[in-house]
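Q: Below are the sequence and a predicted model; questions follow.
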Amino acid sequence: MKRMALTLASVLSLALPVSAFAADIPVAPGQGSLAGAIRTAEAGDRLILQAGTYGGGVTLDQTLSIIGQTGTEVIGPDEGSVITVNAPDVTISGLTIRGSGSDHQNIDSGVQLTKKAKGAQIIDNRFEGNLYGVDVHGAKNALVENNTIIGRRDRLMNRRGNGIYIWNAPGTKVVGNSVRYGRDGIFVNSSRKNVFSNNRFEDLRFAVHYMYADNTEVTGNISIGNHLGFAIMFSTRVKVIGNTSIRDRDHGIMLNYANSSVIEGNIVREGGEKCLFMYNANKNKLLNNTFEKCQIGIHFTAGSDRNTIAGNAFVGSKTQVKYVGTKDHTWTGNYWSDHSAYDVNGDGIADQAFRPNDAMDHILWTQPSAKLLLGSPAIQLIRWAQKEFPALLPGGVVDDAPLMNAPQALAPLAKQASLK
């Protein structure tokens, strides 16, 4: 009878969720206290870390939560990752994490999530000076939210680690983080169905660097003063919506072998070289974006074709469109700040089509030394002839229904007010 009772109790314990037995365990600071608490904890326990300093270099092999208070620091031994998660449904929150190693091969990180760390939540932490901030290495459906990540500055930018590295982690969401310094803000490789939204990136190489990552959303992010804002490469069916790029040095948005994607409601402003660069990017929809005050508004080349480009505002760039080719591309319903046009019937559409480039532009792009002749009467005569006789114009971009007024971009106005 006693044996039967024990067996029944065992069966019931298996039927109950782990959380039914979970406990909140207070942990005092000290070099080995966190590692000791992890060893003695039961699955589902919450380790509540008091303010103070704890030794890192720890691994979680069962489902636990590590919750810090204001002033809680976990410092690694400058070797390996500070916290490695090797179990599902782990939560790490409220910590300041520093002291990772410097090995790129092992991706030394503040927090490293292995493929067993499905559903992990890394929330409201501060990462300082780690090689990588958070490495999501195969952990499906992870959440990285509201963290501040300050990367390394003690080496050349290309030799630093990324703020957040995503590899083969379908369903992972990166939301509301602030990333500064290091190499790339978010680097994604060989993943899918991810969401990257409402993050802020500063002083990096790329804000978001995207490779082989299909069916993903990049929405509401802000990139300020990076070398490149949003680089979408070798990916299909990506939604890049409502992002902002301010003073990014090379490109605000780059589409490189990016196909069947939607680029909508983004603002790129005061970029150094190109607001938008498209290289062999096909069948994309570029709608209601603002490209403002770059050297080149949009440069597309290498066979980019069958793209829908409508409702965009091209404002104040030195060259609005750079396209070197003989094929005609018809865009419809964009605003061009340098288009001197009339609207007699008042329908908001200019009475004449707009061609942003002519034959002389093609010559100047392919033969830069020809710029010495820009002020010559011969150049002015050629441009006059092209204007009077459009049949002389080469293939290129034509907007057949240019707008008289710039459309309203979709990037949140509240964010714009905070950009300095």
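A: Received the coordinates, thanks.
Q: which residues does residue 140 contact?
A: Applying Cβ atoms under 8 Å, 6 or more residues apart in numbering, we find residue 140 in contact with 115, 118, 119, 169, 170, 171, 172. Heads up, the C-betas are built off the backbone N, CA and C, glycines and all.
Q: and with 10 Å instead?
A: Residues counted as contacts of residue 140 (Cβ atoms under 10 Å, 6 or more residues apart in numbering) are 88, 113, 115, 117-120, 168-172, 191, 193.
Q: Phi, psi for it please.
A: The main-chain torsion angles of residue 140 are listed as degrees, to the nearest 10 and equal phi -70, psi 150.
Q: In which helix or strand does the closest residue to it other than its chain neighbours reside?
A: The shortest distance from residue 140 to any residue that is not its chain neighbour, by Cβ to Cβ, 6 or more residues apart in numbering, is 4.8 Å, and that residue is residue 118. Secondary structure assignment for residue 118, by DSSP states H and E: no helix or strand.
Q: so residue 118 makes contact with residue 137?
A: No - with contacts defined as Cβ atoms under 10 Å, residue 118 does not count as touching residue 137, sitting 11.9 Å away.
Q: Spit out the residues that contact these two alike.
A: residue 169.
Q: quick revisit: so which of the contacts of residue 140 comes closest to residue 52?
A: Using Cβ to Cβ, the shortest approach to residue 52 within the contacts of residue 140 belongs to residue 120, at 24.3 Å.
Q: hang on, that closest one packs against residue 91?
A: Yes - taking Cβ under 10 Å as the contact criterion, residue 120 and residue 91 are neighbours in contact, 7.4 Å apart.
Q: Settle it for me: which of the two has more neighbours?
A: Set side by side, residue 120 and residue 91 show unequal neighbour counts under other Cβ atoms under 10 Å, the larger going to residue 120 at 29 against 18.
Q: how close does residue 197 sit to residue 243?
A: Between residue 197 and residue 243 the distance is 9 Å, computed by Cβ to Cβ, to the nearest Å.
Q: quick one: the helices in the chain?
A: 2-15, 33-40, 359-366, 377-388, 413-418 (DSSP state H).
Q: thinking again about what came up before, I'd like to know which of the contacts of residue 140 are buried.
A: Restricting the contacts of residue 140 to buried positions leaves 113, 117, 118, 119, 120, 168, 169, 170, 171, 172, 191, 193, with burial counted as 16 or more other Cβ atoms under 10 Å.
Q: What about those residues, which are in strands?
A: Secondary-structure check on the buried ones among the contacts of residue 140 using DSSP state E: residues within strands are 113, 191.
Q: Which of the buried ones among the contacts of residue 140 sits closest to residue 65?
A: Comparing every one of the buried ones among the contacts of residue 140 with residue 65 (Cβ to Cβ), the shortest separation belongs to residue 120, at 10.5 Å.
Q: so who does that closest one touch?
A: Counting by Cβ under 10 Å, 6+ apart, the residues that residue 120 touches are 60, 63, 85, 87-92, 111, 113-114, 134, 136, 139-144, 169, 172.
Q: now it: how far from residue 40?
A: Between residue 120 and residue 40 the distance, using Cβ to Cβ, works out to 21 Å.
Q: before we move on, the earlier item: which of the buried ones among the contacts of residue 140 lies closest to residue 205?
A: The closest of these to residue 205 turns out to be residue 191 (Cβ to Cβ; 19.5 Å).
Q: Just give me the neighbour total for the closest residue to residue 71 other than its chain neighbours.
A: Leaving aside its chain neighbours, residue 71 sits nearest to residue 51 (3.6 Å; criterion: Cβ to Cβ, 6+ apart). Counted with other Cβ under 10 Å, the burial measure for residue 51 works out to 12 neighbours.
Q: Low-confidence ranges, the stretch 1-150 of the chain, go.
A: Counting by pLDDT under 70, the ranges of the stretch 1-150 of the chain that qualify are 1-21.
Q: Verify the contact between residue 179 and residue 161 for me.
A: No - in terms of Cβ under 10 Å, residue 179 does not count as a neighbour of residue 161; the distance is 11.4 Å.
Q: Mutual contacts of those two, please.
A: When Cβ under 10 Å, 6+ apart defines a contact, the residues bordering residue 179 and residue 161 alike are 133, 151.
Q: So if I had to pick from the two, which one is more boxed in?
A: residue 179 (29 against 25).
Q: in the sheet, who's paired with that one?
A: When assigned by DSSP bridges, residue 179 has beta-bridge partners residue 149, residue 201.
Q: how about residue 112, what does it touch?
A: Under the criterion of Cβ under 10 Å, 6+ apart, the contact list for residue 112 reads 59, 80-86, 100, 106, 132, 134-137, 139, 165.
Q: For PyMOL, what selects the buried ones among these?
A: Remark: buried members of these, expressed as a PyMOL selection using 16+ other Cβ under 10 Å:
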select buried, resi 80+81+82+83+84+85+86+100+106+132+134+135+136+137+139+165
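Q: picking that back up, what do residue 120 and residue 91 both touch?
A: Contact criterion Cβ under 10 Å, 6+ apart; residues bridging residue 120 and residue 91 by contacting each: 63, 85, 143.
Q: Now do stretch 242-258, average pLDDT.
A: For stretch 242-258, mean pLDDT is 96.
Q: From one end of it to the other, what's the distance?
A: 18 Å (Cα to Cα, to the nearest Å).
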